[in-house]
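**Q** build me a model from this:
(chains A and B)
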Amino acid sequence: AQSVSQHNHHVILSEAASLELGCNYSYGGTVNLFWYVQYPGQHLQLLLKYFSGDPLVKGIKGFEAEFIKSKFSFNLRKPSVQWSDTAEYFCAVNEDTGGFKTIFGAGTRLFVKA
Amino acid sequence: NAGVTQTPKFQVLKTGQSMTLQCAQDMNHNSMYWYRQDPGMGLRLIYYSASEGTTDKGEVPNGYNVSRLNKREFSLRLESAAPSQTSVYFCASSLMGDRGYEQYFGPGTRLTVT
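**A** From the prediction side, this is the model:
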């Protein structure tokens, strides 16, 4: 069965620090990969996704993620975080064809100190 | 566009009571989903509907039933609520269920079963 692991459950950073959130998945086939974000009191929304093509994908608000197939990883990065990035971040995976079941990681709570 | 709407926002039930969570989307999406979110466990899929007229079980379907009433609406029913069903419930929709289409989430329903 597919699974998604997010290595850090809680991260605290100061503004302007760099961010990297780890995500690994277990599935041998072709996958689609997503990062979703949930800001306090708001809906989950898509941050970025990998479908095919360039393994380095850029999303909203300066976030990017790199798909490394050999490592089954899709880590999220941002060079300089802001207080407004305080949120919970979820990595998610689904199979490329017929994959209606999206599997989510447990989430990482990021707190950015002003 | 309202996107994905859910009612109610909050609900308290006693063990054994029943209720239906309502979800509607106005984006003409084909696929709809119900998730529950529990601390440290991310989002887990309860049921999904790949298209109007079809429903399938997700990871944690026990104790729940669903109805895809039409293309817009997808309801989740708890026939006999249990304390283990205390959770935040999210409805989501996507244009298609696979091939990398992202999901759009509703605001959630916070359910407490005493």
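
**Q** partner residues bridging the spatially most central residue of chain A?
**A** Centroid-nearest residue in chain A, with C-alpha atoms, centre = their mean: A:W35, separated by 3.4 Å. Beta-bridge partners recorded for A:W35 (DSSP bridges): A:L48, A:C91.

**Q** wait, it sits on A:V93?
**A** No: under the criterion of C-beta atoms under 8 Å, A:W35 makes no contact with A:V93, lying 10.7 Å away. Heads up, the C-betas are built off the backbone N, CA and C, glycines and all.

**Q** overlap in contacts of those two?
**A** A:F74 (C-beta atoms under 8 Å, 6 or more residues apart in numbering or on different chains).

**Q** residues of chain A that sit close to chain B?
**A** Within reach of chain B by C-beta under 8 Å from any C-beta of the partner chain, chain A has these residues: A:4, A:6, A:9, A:32, A:34, A:36, A:43-46, A:49-52, A:90, A:92, A:94-107.

**Q** quick check on the residues you listed: which are buried?
**A** A:4, A:6, A:32, A:34, A:36, A:43-44, A:46, A:49-50, A:90, A:92, A:94-95, A:99-107 (16 or more other C-beta atoms under 10 Å in any protein chain shown).

**Q** C-terminal to the host helix or strand of B:Q6, what's the next element?
**A** Here B:Q6 sits within strand B:4-7, counting by DSSP states H and E. Under the assignment DSSP H and E, the closest C-terminal helix or strand after strand B:4-7 is strand B:10-13.

**Q** was I right to think B:N1 contacts B:Q25?
**A** No: under the criterion of C-beta under 8 Å, B:N1 makes no contact with B:Q25, lying 9.4 Å away.

**Q** these two: who's more crowded?
**A** B:Q25 (23 against 6; other C-beta atoms under 10 Å in any protein chain shown).

**Q** thought B:Y104 was touching that one, still the case?
**A** Yes: with contact defined as C-beta under 8 Å, B:Q25 and B:Y104 form a contacting pair (7.2 Å).

**Q** overlap of the contact sets of these two?
**A** Joint contacts of B:Q25 and B:Y104 (C-beta under 8 Å, 6+ apart) are B:3-4, B:93.

**Q** can you tell me which of those residues is closest to B:N70?
**A** B:S93 (12.9 Å; C-beta to C-beta).

**Q** let's see the helix or strand hosting the closest one as CSV, backbone CA atoms only.
**A** According to DSSP H and E, B:S93 maps onto strand B:87-94. Provided in CSV are the C-alpha atoms of strand B:87-94 (Å, rounded to 0.1, in the frame of the first residue of the first chain):
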residue,chain,number,x,y,z
SER,B,87,-12.7,14.6,14.0
VAL,B,88,-12.6,17.4,11.5
TYR,B,89,-14.3,16.3,8.2
PHE,B,90,-13.3,17.8,4.9
CYS,B,91,-15.1,17.5,1.6
ALA,B,92,-13.1,18.1,-1.6
SER,B,93,-13.6,18.0,-5.3
SER,B,94,-11.4,17.7,-8.4
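
**Q** which helix or strand lies directly C-terminal to it?
**A** Next element after strand B:87-94 (DSSP H and E): strand B:104-105.

**Q** just checking: what are the partner strands of that next one?
**A** strand B:87-94 (antiparallel).
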